[in-house]
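1. My questions are about this predicted structure, shown below with the sequence.
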Amino acid sequence: MTMTKSTIPVDQLTPDEARDELAALAAEIAYHDELYYREDAPVISDAEYDMLRQRNAAIEARFPELVRDDSPNRRVGAKPSAQFGTIRHAVPMLSLSNAFDDQDVRDFTGRIRRFLRLADDAPLAFAAEPKIDGLSISLRYERGRLVQAATRGDGYEGENVTANVRTIKDVPDVLSGDDVPEVIEVRGEIYMTHADFAALNEAQAANGGKVFANPRNAAAGSLRQLDAAITAARPLKFFAYAWGEVSGGKPPGDTQWEIYQAFKRWGLPLNPLMRLCTSVDELLAFYHEIGEGRAGLTYDIDGVVYKVNDLALQERLGFVSRAPRWAIAHKFPAQQATTTLRDIEIQVGRTGALTPVARLQPITVGGVVVTNATLHNEDEIARKDIRIGDTVVVQRAGDVIPQIVSVVTEKRPPSAEPYIFPEICPACGSHAVREVNPKTGKVDAVRRCTGGLICPAQAIERLKHFVSRNAFDIEGLGEKQITAFYTDGLIRRAPDIFTLQRRDEASELTKLKNREGWGATSVAKLFDAINQRRRISLDRFIYALGIRHVGETTARLIARSYGDLETFLSAMRAIGTDPDGPQFHELDDIEGIGTTLARAIADFFAEDHNWEVIDALREEIEVQPMERAAASSPVAGKTIVFTGGLTRLSRDEAKAMAERLGAKAAGSVSAKTDLVVAGPGAGSKLKKAAELGIEVIDEDEWFRRVGEV
Ligand code: IVH
């Protein structure tokens with residue numbers, strides 16, 4: 001997909017040119033919607049996207065007869081993905097139109113006054129609030145209880161993410177107060193703070209997982225996990241700012257502001273910066289004030305939103321195409337600057353992925369000095385035709401990771417050649433290939449080094465992972481030391497870490513303490529740190545192995561499920577020799593482990609060299625069995641059976657909830673069952689429980705016990 005680069009002013013377009021460009025824009029916007037909404041991985045900035053939409057709107061305004069059936073203006077977002085159940089929104093979740101400067105805001109209030117036939121001096125109040133850069137969500141409460149949560153999707157149908165949303169602390173399970181409507185859909189934004197985003201990305205990078213471009217993508221990716229336990233481990237937050245269906249037609253109150261006060265009473269979190277304004281000047285002052293304070297906020301905002309305060313006026317104003325007439329988003333300009341691209345460096349990750357990084361002439365963007373920027377992958381470099389020596393527009397997306405937005409082609413040096421992505425690994429010279437996904441038939445966006453063990457870059461990344469904080473956590477053995485020890489041949493594989501002291505003591509040659517930067521004390525400290533880690537829990541051990549796709553959460557799931565190292569390894573040995581045998585299916589059946597993951601684990605254990613590492617490690621360390629559950633929860637370690645009709649939870653959610661609390665959800669009652677949670681209509685399982693003398697409780701009691709009433 002190439003960027004539409006028409007520079008012809010809209011009023012000079014011929015109908016033929018307009019028709020062609022509208023077709024190109026429809027396809028291009030649809031492509032970016034797909035990346036943004038479905039894959040949580042946009043490749044252009046919000047500002048570029050807004051420009052495409054604006055250009056489309058301007059052409060449509062001049063050539064209304066050419067408006068296409070699939071016009072981007074008639075759609076919001078992308079169709080929900082089929083992985084989650086879909087939910088049709090009782091009231092559509094539409095979007096906002098944008099204002100980019102003060103005049104746009106004055107036009108907005110002017111339009112409203114004309115529409116309502118309000119005199120220029122008649123009072124007109126607005127709720128002004130930050131535009132949170134997260135993803136919108138609709139929370140359905142019935143009789144005050146959260147019964148359903150849906151993403152926006154295409155505005156009409158969203159994804160059912162109830163189980164995941166229940167794990168978010170900011171979202172109350174129950175609304176408190178005697179004026180809570182029988183049914184109310186509360187709408188708002190799910191977001192992630194900068195600090196939580198940075199910590200998540202660090203952990204993702206350490207375990208070879210997906211690194212997110214900005215907090216919004218991280219929030220979206222975390223919410224759209226099929227396994228609620230993963231969402232639970234990611235710190236998502238929520239602000240309420242709107243509503244959908246409400247029994248009785250509207251929530252209690254006559255203004256936006258009064259409803260916000262009701263939200264607050266019911267226990268819903270509101271953004272503390274919301275303000276009631278009574279004139280355009282106050283709106284603009286609010287915009288500038290929030291803009292100035294933006295860098296000090298702990299979360300991303302991309303503008304402010306103004307909403308007519310009076311609900312009766314909102315009703316009269318209604319909607320135009322996909323946005324309300326009574327509200328507008330006043331966007332902040334993107335933080336951009338131009339600089340030159342000095343070089344493109346290829347980094348090789350633990351799993352062999354070749355990642356291009358832009359080395360830039362240092363430049364200040366929004367108060368931060370930027371020297372590197374992400375280039376995503378080779379298709380992105382080709383799509384934007386980025387060449388070494390180019391002058392490029394750099395932007396801090398979501399205020400965090402710098403990106404290259406575009407190339408200033410007019411300034412391209414004549415000598416700049418199109419960038420050729422290496423097909424051999426820069427670290428070891430092995431072929432680097434793009435695999436074809438056997439399921440989808442699509443070529444992977446990532447090129448990978450095939451060098452495996454002989455690739456020093458991969459080996460160093462694996463060692464770094466092995467000693468990282470959530471793995472063996474060996475203090476004093478950071479990137480610098482690992483690289484130096486690797487280069488000098490002192491540590492080539494993980495087990496070498498544990499034999500280092502013995503080898504050093506036996507050595508006639510240069511002792512560690514005589515190396516540059518080391519002394520007797522620092523060496524003693526390092527050996528101490530290593531020795532302290534000779535006992536390690538099974539989950540950390542599994543995580544440290546660096547199996548592709550196996551992050552901390554998965555490692556914990558596996559460790560809990562096998563319990564101890566021997567059980568785990570004998571199952572893995574069986575899988576290594578018979579990759580489709582019963583042991584493989586047992587692994588595949590673990591709740592939260594999909595087939596891709598199970599395959600990656602099987603692939604790892606099919607390799608002899610991985611067994612050599614494991615066997616050598618076992619000579620040196622002791623792996624502690626896992627508590628089969630989180631000790632803190634009252635149901636941890638228990639086996640629970642859910643039966644009968646449950647009213648507050650689906651069966652799948654109930655199971656996920658039990659597992660999140662460290663319990664095991666089983667399908668049938670046996671002597672091993674600890675607890676039966678029975679709803680109306682429970683039959684034979686209830687009888688069996690009575691025969692076996694197993695405790696039976698109802699759904700309400702379940703919620704009371706687990707403290708999630
Ligand atoms: S009001 C019918 N208020 O912006 C209007 N939206 O471009 C409903 N957003 O999809 C939206 N902060 O995801 C509203 N304070 C705020 C907001 C906000 C962020 C997002 C929301 C919406 C998008 C519209």
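-> Everything's here; your move.
2. Count the neighbours of whichever residue of the stretch 101-250 of the chain sits closest to the ligand for me.
-> Across the stretch 101-250 of the chain, the shortest distance to the ligand (Cβ to the nearest ligand atom) belongs to residue 136, at 3.3 Å. C-betas here are computed from N, CA, C, even on glycine. Counted by other Cβ atoms under 10 Å, the residues lying close to residue 136 total 19.
3. How many residues are close by the residue nearest to it when sequence neighbours are not counted?
-> Residue nearest to residue 136 in three dimensions, not counting chain neighbours: residue 152, with 4.8 Å by Cβ to Cβ, 6 or more residues apart in numbering. By other Cβ under 10 Å, 24 other residues sit near residue 152.
4. Can you name the next helix or strand after whichever helix or strand the residue of the stretch 101-250 of the chain closest to the ligand is part of?
-> Using DSSP states H and E, residue 136 maps to strand 135-142. On the C-terminal side of strand 135-142, the nearest following helix or strand under DSSP H and E is strand 145-151.
5. just checking, what packs against the next helix or strand after that following strand?
-> Past strand 145-151, heading to the C-terminal end, the next element that is a helix or strand (DSSP H and E) is strand 157-159. Contact analysis of strand 157-159 by 3 or more Cβ pairs under 8 Å, 6 or more residues apart in numbering; DSSP states H and E lists strand 86-88, strand 145-151 as its packing neighbours.
6. the helices in the stretch 301-450 of the chain, which residues?
-> 311-317, 378-384 (DSSP state H, counting those that start in this stretch).
7. list the buried ones in the first one?
-> Burial within helix 311-317, assessed by neighbour count using 16 or more other Cβ atoms under 10 Å, is assigned to 311, 313, 314, 317.
8. what does it contact?
-> Helix 311-317 is contacted from outside by 112, 115-116, 124, 250, 253-256, 259, 307-308, 324-326, using Cβ atoms under 8 Å, 6 or more residues apart in numbering.
9. hang on, the earlier thing: out of the helices of the stretch 301-450 of the chain, flag the one nearest residue 439.
-> When those are compared for distance to residue 439 using Cβ to Cβ, the nearest one is helix 378-384, at 19.7 Å.
10. Now do the buried residues in the closest one.
-> 378, 380, 381, 384.
11. Reduced to three states, what does the residue lying closest to the second one once chain neighbours are set aside come out as?
-> If you skip the residues right next to it in sequence, residue 380 has residue 43 as its closest partner in space, 5.8 Å away by Cβ to Cβ, 6+ apart. The three-state label given to residue 43 by DSSP: H, G, I helix; E, B strand; the rest coil is coil.
12. Identify all contacting residues around stretch 585-599.
-> 226-227, 229-230, 549-550, 553-554, 557-558, 561, 571, 575, 584, 601-602, 655-656, 659, 665.
13. buried stuff in it?
-> Applying a neighbour-count criterion of 16+ other Cβ under 10 Å, one finds 587, 588, 590, 592, 593, 597, 598, 599 buried in stretch 585-599.
14. ok, now stretch 154-172?
-> For stretch 154-172, the neighbour count (16+ other Cβ under 10 Å) marks 154-168, 170-172 as buried.
15. and the stretch 151-300 of the chain, which residues reach the ligand?
-> Listed as neighbours of the ligand in the stretch 151-300 of the chain under the rule Cβ under 6 Å from any ligand atom: 152, 189, 241, 242.
16. of all those residues, which two lie farthest apart?
-> Between all members of those, the longest pairwise span (Cβ to Cβ) is found for 152 and 241 and amounts to 13.4 Å.
17. Need the three-state assignment for the closest residue to residue 689 other than its chain neighbours.
-> Once flanking residues are discounted, residue 689 sits nearest to residue 676: 4.4 Å by Cβ to Cβ, 6+ apart. Judged by three-state DSSP, the three-state class of residue 676 is strand.
18. can you check residue 495 too?
-> With three-state DSSP as the basis, the three-state label of residue 495 is helix.
19. Is it in contact with residue 620, as I believe?
-> Yes. Contact status for residue 495 versus residue 620: in contact at 6.0 Å, counting by Cβ atoms under 8 Å.
20. Neighbour count for the two, which is higher?
-> When neighbours are counted by other Cβ under 10 Å, residue 495 and residue 620 differ, and residue 495 comes out ahead with 20 against 15.
21. per-residue pLDDT, the residue lying closest to the more buried one once chain neighbours are set aside?
-> Across the structure, with Cβ to Cβ, 6+ apart as the measure, the residue nearest residue 495 apart from its sequence neighbours is residue 616 (3.7 Å). The per-residue pLDDT reported for residue 616 equals 96.
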